[in-house]
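In: Here's my sequence, what's the structure:
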Amino acid sequence: MLLKRFIIGLSATLALAAPASAATLVNGSFNGTLGQGVVPTGWQITNQTPDTNNVNTNSIGVGGGNYFTAPNDSNDGGTWVGIAYTSTTGEFETIGQTISDFVVGQTYTLGFEFGNFGIANAFNFNNSNSVTASLDGVVIGTTADVFVLSPEWNTYSVDFVAASTSALLGFSLTKDFRSYLQIDGVTLTTAGTTIQPVPLPGGLIFMLTALGGLTFVRRRSQG
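Out: Numbering: from 1, shown residues only. The predicted structure is shown next:
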């Protein structure tokens with residue numbers, strides 16, 4: 001009986017130690033309808049008027065205008081979201097998505113693409129900037145600055161440990177530099193393993209195994 005209970009307990013421990021699944025991210029490709037002050041399904045506007053754009057967009061963005069640099073498609077393709085930051089016009093655009101199935105203690109990897117094409121209009125959003133990712137307003141990672149307007153996309157990834165089962169994943173620009181950057185191809189996957197339950201000390205496992213063996217021998221001698 002004792003050995004049987006030990007085996008059942010060990011099986012339960014191994015089950016608890018199994019890797020957790022990735023948290024669910026909706027529409028990381030930002031597939032949606034073009035528009036100013038519009039974000040694709042699965043995402044929410046958390047401040048002001050971010051935009052859904054693509055390579056052919058010429059009149060969507062901060063107050064309308066054309067891209068300073070004609071962009072290439074991202075590796076993800078299709079549409080993407082543009083966000084601006086400048087105190088000149090009071091712009092600080094942010095987007096987010098609530099992730100509701102994090103596993104506390106699990107390490108996750110957040111990845112995304114970002115570009116700096118700028119917007120040519122009355123205010124000329126053509127300066128360098130970087131993208132900051134946060135969970136419930138707490139910064140988990142910031143990209144390098146994109147100093148030169150370019151049609152190319154950059155990639156970024158960061159590992160973080162989930163502190164709660166539900167949190168708002170948010171994106172914003174880092175500095176008040178009159179900039180307009182694009183984000184696409186957001187991914188969220190598990191990295192590493194979950195925090196493991198505290199294992200039984202090796203000596204205790206050996207003792208329980210030996211005790212089980214003695215019980216077996218005793219039963220045989222009684223038979």
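In: residues near residue 138, how many?
Out: Using other CB atoms under 10 Å, residue 138 has 10 other residues around it. No exception for glycine: its C-beta is placed from N, CA and C like everyone else's.
In: Quickly find the element holding residue 109.
Out: According to DSSP states H and E, residue 109 maps onto strand 107-115.
In: Run me through the strand neighbours of that strand, direction for each.
Out: Partner strands and pairing direction for strand 107-115 (DSSP bridges) are strand 154-161 (antiparallel), strand 179-191 (antiparallel).
In: quick one: contacts of the shortest one?
Out: So that's strand 154-161. Defining contact as CB atoms under 8 Å, 6 or more residues apart in numbering, one finds that strand 154-161 is touched by 75, 105-115, 131, 133, 135, 140-141, 143-144, 146, 191-192.
In: Can you show me the strands along the chain?
Out: 35-36, 44-47, 51-53, 66-67, 80-86, 91-92, 94-99, 107-115, 119-120, 131-135, 138-142, 154-161, 167-173, 179-191 (DSSP state E).
In: Among these, which comes closest to residue 29?
Out: strand 179-191 (6.5 Å; CB to CB).
In: Send me that closest one as CSV with only the CA atoms.
Out: The C-alpha trace of strand 179-191 is given here as CSV (Å, rounded to 0.1, in the frame of the first residue of the first chain):
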residue,chain,number,x,y,z
SER,A,179,8.1,59.9,-34.6
TYR,A,180,5.8,57.5,-36.3
LEU,A,181,6.8,53.8,-36.2
GLN,A,182,5.1,50.6,-37.4
ILE,A,183,4.6,47.3,-35.6
ASP,A,184,3.8,43.9,-37.1
GLY,A,185,4.2,40.1,-36.7
VAL,A,186,3.7,39.9,-32.9
THR,A,187,4.4,36.4,-31.4
LEU,A,188,4.1,35.1,-27.9
THR,A,189,5.6,31.7,-27.1
THR,A,190,6.8,29.8,-24.1
ALA,A,191,10.5,29.8,-23.3
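In: That's all I had, so thanks and see you.
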